[in-house]
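Visitor: One predicted model, sequence on top.
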Amino acid sequence: MTASRPRVVLVWALALGVLLALALPRSRIIGDGREYLLYAQAFASHLSPEIRPADLARVAGMLERSDPGLGELALRFGNEQQVGALRFGGGFVTAPDGRLYSWHFWLYPMLVAPFLLLAQAIGQAPALAFTLCNGVFVAGALAYLLLRWQAAPAARALLAGLFLTTGTTYYLWWSHPEVYTASLLLLALMMGSDRRYGPAMLASALAATQNPPLLLLLGGLAVLGLWEARRARAPTRRAAAGVAGRPDGRHAPRLAPLLAFLAASLAIAALPALFFGATLGVLNPIAAGGAADPGLIGVQRLMSMYFDLNLGLVVAAPGVLIGIALTAALLAVPWLRGLRVAAGAAPRPGPHRGFVAAAVARPGPVLLACIAISVAMALPALSTTNWNHGHTVFSRYAYWLGVPLTFGLVVCLQALATSMRTAVSLFVVGVQTLVVAYYGLFGNTWRGDYLAFKPVPSHLMRHFPALYNPVPEIFIERIAGRELPAGAGSAPREAYAFPPDGPPTKLLVGARLADAMIAACAPASVVRVEGGWRYLNLRPGATCPLPAGS
């Protein structure tokens, strides 16, 4: 550790401490928080994930003020819909033997349980337990980043700052595993970049227990680690790099320990399927209960995940996306080569080591790889039937899917000449600072409401309606101001108009009404979207007879 490192760590520790202190009063049981709180209470009471009547009663008492109907509602948990031998309801499932579980896995709430006991011991609200647990994971990720990650001090500071300002503060106070997932994902990427493939696989496996798309990262780390281990075993490589050594001074992974880590990681990642298979007879109760549909995976939802103006990544991390575009241009455009290290040049002297040093020499493939990791993990997440799900500022999925993009941006910026790297970094940080100022540090303002249109898409739909055609559920639920039970598929009407309080500029109509409405309204453009819905984008001043009840 350099002489300045302790001071840097102290500054970040103080900053995180202040952030956590400000977040604690905002802690809420929100989203699927009921499920996670009941799991945490079950582990705190009897070290078991089975949710017993005493756990339901205890949690109902905890939330008597904030959720007064929970006691009555809990009687229907896991009892509303029969699917085979299982009964579903309210995010819970009742096994054939009558035991009640959440259809989410229990590892994250098990880790919350000690903090719940602490909150109960000091007479605080149970929601504080989740914020404290989330804070521990953020602290762990930042500790590795500042103390172990093999990068320059400026790169470490930039990554730490962007990690906090691209969604972490928005979800720190949530009773949800988003911060848990994002922190472990960042750890896995940093450890993998340092060629610590074993711990990186463990981190991704732990994250995958709550968000299964992380299995793809686990697989990628395993392939990369095994490939490097095998290459290091080749006689020609050993002779060129020294026994088990590498030209950059780091040891290549050894095969036997790597295989042990891989086996442990696969065992952890398989826990949800093994547990639910043994207790419920299905590997994935969320899919069995109809909350996931692979048929929904498509280009429109993929674009929505990243670029939708109400819930996409662009809403909360525009600086990162613009920074990636600028960096890619500086790396790709021939006449800009003078602004960066020439392609193929050896890494510059300095504190860069390992993966970061390699990225200085070949940043293009590294940036593409990080984008590919994010997109690959996004694909399974597109299958959720609840697309306009509860969130703060932007989609909970988009939050952790943005971590590989932020990581790739910070790493590849190191390939630019100092002046350009500084300029792009300051620009990205400036944009993200403005975004956080706009939404508030914790995002819990009217601008972050997931049941109301944000100002920019509202303006576009009023004046340039053809430019914004979201997934139907986003449009329907934000017009209705409430969340529908199963997304747009259960919409009570077949026609929705925006704005709802004046002459319409944009209509969403179902397939049955589409032809008649197109003939009656003569829209400027018609856009087909998922579920057979169509957007009719009207000309300025056009009149359109709307069906009754729309």
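Guide: Okay, I see it.

Visitor: Domain boundaries for the chain, per the record?
Guide: Domain assignment of the chain by automatic domain parsing yields the ranges 33-125, 299-443, 455-537.

Visitor: now the shortest one, how far from the centre of its chain.
Guide: It refers to domain 455-537. How far domain 455-537 lies from its chain's middle: 27 Å, per C-alpha atoms, centre = their mean, to the nearest Å.

Visitor: still on that earlier bit, nearest to residue 26 among the domains of the chain would be which one?
Guide: domain 299-443 (5.5 Å; C-beta to C-beta). Just so you know, the C-beta spots here come from the backbone N, C-alpha and C atoms, and that holds for glycine as well.

Visitor: For that closest one, measure first residue to last.
Guide: With C-alpha to C-alpha, to the nearest Å applied, domain 299-443 spans 28 Å between its terminal residues.

Visitor: how about JSON lines for the domains of the chain, with distance to residue 205 added?
Guide: As requested, those are exported to JSON lines (distance: least, C-beta to C-beta, whole Å):
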{"stretch": "domain 33-125", "distance to residue 205": "10"}
{"stretch": "domain 299-443", "distance to residue 205": "14"}
{"stretch": "domain 455-537", "distance to residue 205": "30"}
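
Visitor: where among those domains is the average confidence lowest?
Guide: Here the domains of the chain differ in mean pLDDT, and the lowest is domain 299-443 at a mean of 86.

Visitor: Work out the gap between that one and the centre of the chain.
Guide: Centroid separation between domain 299-443 and its chain, computed with C-alpha atoms, centre = their mean, is 14 Å.

Visitor: do the same with stretch 179-189
Guide: Put simply, stretch 179-189 sits 10 Å off its chain's centre (C-alpha atoms, centre = their mean).

Visitor: re earlier: nearest to residue 142 among the domains of the chain would be which one?
Guide: Nearest to residue 142 among the domains of the chain is domain 299-443; the distance by C-beta to C-beta comes to 13.3 Å.

Visitor: Residue 125 and residue 55: what is the separation?
Guide: Counting by C-beta to C-beta, to the nearest Å, the separation of residue 125 from residue 55 is 17 Å.

Visitor: Counting neighbours, go ahead and name the busier of those two.
Guide: residue 55 (23 against 17; other C-beta atoms under 10 Å).

Visitor: Out of the domains of the chain, flag the one nearest residue 164.
Guide: The nearest among these, by C-beta to C-beta, is domain 299-443 at 8.9 Å.

Visitor: which one of the domains of the chain lies closest to residue 293?
Guide: With C-beta to C-beta as the yardstick, what comes closest out of the domains of the chain is domain 299-443 (5.5 Å).

Visitor: what are the ranges of the strands in the chain?
Guide: Ranges of strands within the chain are 81-83, 86-89, 92-94, 100-102, 495-498, 506-509, 525-528, 534-537, based on DSSP state E.

Visitor: got the phi/psi numbers for residue 282?
Guide: phi -130, psi 150 (degrees, to the nearest 10).

Visitor: pretty sure it is touching residue 276, no?
Guide: Yes: contact criterion C-beta atoms under 8 Å: residue 282 and residue 276 qualify, at 6.0 Å.

Visitor: hmm, back to that, quick one: which of the domains of the chain is nearest residue 544?
Guide: Evaluated over the domains of the chain, closeness to residue 544 peaks at domain 455-537, with 3.9 Å, by C-beta to C-beta.

Visitor: Isn't residue 445 up against residue 436?
Guide: No: assessed by C-beta under 8 Å, residue 445 is found out of contact with residue 436, at 11.3 Å.

Visitor: of these two, who's got more company?
Guide: Using other C-beta under 10 Å, the more surrounded residue of residue 445 and residue 436 is residue 436, with 20 against 13.

Visitor: still on that earlier bit, got TSV for the strands of the chain, with mean neighbour count too?
Guide: Converted to TSV, the strands of the chain look like this (neighbours: other C-beta atoms under 10 Å):
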stretch	mean neighbour count
strand 81-83	12
strand 86-89	20
strand 92-94	24
strand 100-102	25
strand 495-498	23
strand 506-509	26
strand 525-528	14
strand 534-537	23
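
Visitor: Nearest to residue 43 among those strands would be which one?
Guide: Between the strands of the chain, strand 100-102 lies closest to residue 43; by C-beta to C-beta that is 12.1 Å.

Visitor: Pull the distance from that closest one to the chain's centre.
Guide: Here strand 100-102 is found 24 Å from its chain centre; the criterion is C-alpha atoms, centre = their mean.

Visitor: partners of it in the sheet?
Guide: Sheet partners assigned to strand 100-102 using DSSP bridges are listed as strand 92-94 (antiparallel).
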